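> Below are the sequence and a predicted model; questions follow.
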Amino acid sequence: MDQSERRPVARADVLVVGCGVIGLTAAVRVREAGFDVRIVTAASPLETTSSVAAALWYPYKAYPEDRVLSWGSETFEVFEELSRVLESGVRMREGVEIWHEKVPDPWWASAVPGVRRCTREELPPGYADGHAFTAPVVEMPVYIGYLVDRFFGSGGDIEHRAVSSLEDAGEASVVVNCAGLGARALVGDPSVAPIRGQIVRVHNPGLERFVLDEDNPEGVTYVIPRSEDCILGGTAEEGEWDTEPDPETAAAILSRCAALEPRLAGVEVLEHKVGLRPGRPEIRLETEHAAQGPPRVHNYGHGGSGITLSWGCAEETLRLVRRVLDSR
């Protein structure tokens, strides 16, 4: 039987709603800690926003910064270990973040060993400052498959069906809400809103280093090389729900990226994609004891930092789940 079609057990210790990188990672961590875990999801893992991500470790539009730094640091360490697992799709890559004016050290620098100032030779024309660092780059189709295999291999189950409320999610001792943008309707949280991201996937012309230009006046710009392709971006349109790629936006992305890296001029375009990041004023990672149904652990609202925070948030999710189950 195809693993994606496995039948769930009648009841689980923990039921995880959502199968993006946040839900999958939490499910893996909790299952490998010894709990019975079932994921319930309307979309397959490769249909989620996570599959669109450029997936460079980099805290982006996620708050509050102190908790983001802690979760991000934990995640960085796990990805360093996974970069030695060939089938994970994780690779440590060098790259630069560049600025048109002098800037202070990054607020996240304590989580990344070896952050340093760019040399003049590392800065493109017109840029005054930058930071060079090595960070995980995650090839999402490969990595999602790795997480799914790891979850099934540990004895977890995935059930494909839509969930209209957490009360109706299924039989479990605790429900973990990793619905991402879907939490807006699922738990009635209007503070969750989309941050539209459009990318262009192109053939890799031999690039090894990533480049980030978050402060580009024409729009956030990044070049993320992977083994066979590059992810070029992007956009960060808050409150926009349109998931259709816009040709003009794509052309602007290609132009901005080629200006940073001339080898991208005329590069073969492989795909255009759009994802809706789950923005929120603060990430919600907490326990809720509902009037009806089992206790809930909420883990959503990660903005553009789902990959960056995934393992740190999974570890905290496990702590909260243990606390709930130990109190019963």
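Yep, that arrived. These numbers were taken from a predicted model, which means no experiment stands behind them. Numbering: from 1, shown residues only.

> which stretches of the stretch 151-300 of the chain form helices?
For the stretch 151-300 of the chain, the helices defined by DSSP state H, counting those that start in this stretch occupy 183-186, 247-260.

> so can I have a markdown table of these showing mean neighbour count?
Glycine gets a C-beta too; all of them are placed from N, C-alpha and C. Putting these into a markdown table (neighbours: other CB atoms under 10 Å) gives the following:
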| stretch | mean neighbour count |
| --- | --- |
| helix 183-186 | 19 |
| helix 247-260 | 17 |
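
> Just put those in TSV and tack on mean pLDDT and distance to residue 44.
Shown next, in TSV, are those (pLDDT from 0 to 100; distance: least, CB to CB, whole Å):
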stretch	mean pLDDT	distance to residue 44
helix 183-186	96	18
helix 247-260	97	25
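
> Can you add distance to residue 136 and give these back as TSV?
As requested, the helices of the stretch 151-300 of the chain are exported to TSV (distance: least, CB to CB, whole Å):
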stretch	distance to residue 136
helix 183-186	26
helix 247-260	21
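
> which sections of the stretch 1-150 of the chain are below the confidence cut-off?
Residue ranges of the stretch 1-150 of the chain with pLDDT under 70: 1-11.

> picking up where we left off before, what's the closest of the helices of the stretch 151-300 of the chain to residue 124?
When the helices of the stretch 151-300 of the chain are compared by CB to CB, helix 247-260 sits nearest residue 124, at 5.8 Å.

> Looking at the helices of the stretch 151-300 of the chain, spot the one closest to residue 270.
Among the helices of the stretch 151-300 of the chain, the nearest to residue 270 by CB to CB is helix 247-260 (12.1 Å).

> Can you give the contact residues for the closest one?
Applying CB atoms under 8 Å, 6 or more residues apart in numbering, the external contacts of helix 247-260 come out as 98, 124, 198-200, 202, 211, 213, 216, 218-219, 221-223, 232-235, 264-265, 267, 269, 272.

> Buried ones among the residues you listed?
Neighbour counting by 16 or more other CB atoms under 10 Å classes 98, 198-200, 202, 211, 213, 216, 219, 221-223, 232-235, 264, 267, 272 among these as buried.

> on that earlier part again, of the helices of the stretch 151-300 of the chain, which is nearest residue 84?
Comparison of these against residue 84 by CB to CB identifies helix 247-260 as nearest, at 29.9 Å.

> Please put the alpha-carbon coordinates of the closest one into PDB.
What follows is helix 247-260, C-alpha atoms only, in PDB (Å, rounded to 0.1, in the frame of the first residue of the first chain):
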ATOM      1  CA  PRO A 247       4.100  37.500 -15.400                       C
ATOM      2  CA  GLU A 248       5.200  41.100 -14.700                       C
ATOM      3  CA  THR A 249       6.300  40.200 -11.200                       C
ATOM      4  CA  ALA A 250       8.200  37.200 -12.500                       C
ATOM      5  CA  ALA A 251      10.000  39.400 -15.100                       C
ATOM      6  CA  ALA A 252      10.900  41.900 -12.400                       C
ATOM      7  CA  ILE A 253      12.300  39.100 -10.200                       C
ATOM      8  CA  LEU A 254      14.400  37.800 -13.000                       C
ATOM      9  CA  SER A 255      15.700  41.300 -13.800                       C
ATOM     10  CA  ARG A 256      16.600  42.100 -10.200                       C
ATOM     11  CA  CYS A 257      18.400  38.700  -9.700                       C
ATOM     12  CA  ALA A 258      20.400  39.000 -12.900                       C
ATOM     13  CA  ALA A 259      21.500  42.400 -11.800                       C
ATOM     14  CA  LEU A 260      23.000  40.800  -8.600                       C
END
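
> coming back round to it: would you tell me which of the helices of the stretch 151-300 of the chain gets closest to residue 288?
Of all those, helix 183-186 comes closest under CB to CB, at 11.9 Å.

> distance between the closest one and the chain's centre?
Centroid separation for helix 183-186 versus its chain: 19 Å, with CA atoms, centre = their mean, to the nearest Å.

> before we move on, what about stretch 159-178?
For stretch 159-178, the distance to the chain centre is 21 Å (CA atoms, centre = their mean).

> Then stretch 164-181?
20 Å.

> Stretch 112-131 too?
Its chain's C-alpha centre and that of stretch 112-131 lie 25 Å apart, by CA atoms, centre = their mean.

> go on, stretch 21-29?
Here the centre of stretch 21-29 is set off from its chain's centre by 11 Å, with CA atoms, centre = their mean.

> Stretch 23-36 too?
On the basis of CA atoms, centre = their mean, stretch 23-36 sits 17 Å off its chain's mean C-alpha point.

> just stretch 78-89 next, same as before
The chain centre lies 16 Å from the centre of stretch 78-89; the measure is CA atoms, centre = their mean.

> now swap in stretch 210-223 and tell me
Averaging C-alpha positions (CA atoms, centre = their mean) puts stretch 210-223 18 Å from its chain's average.

> Just the residues contacting that stretch, thanks.
Contacts for stretch 210-223 (CB under 8 Å, 6+ apart): 54, 56, 58, 60, 93-100, 135, 137, 207, 224-225, 230-236, 252-253, 256-257, 260-261, 264.
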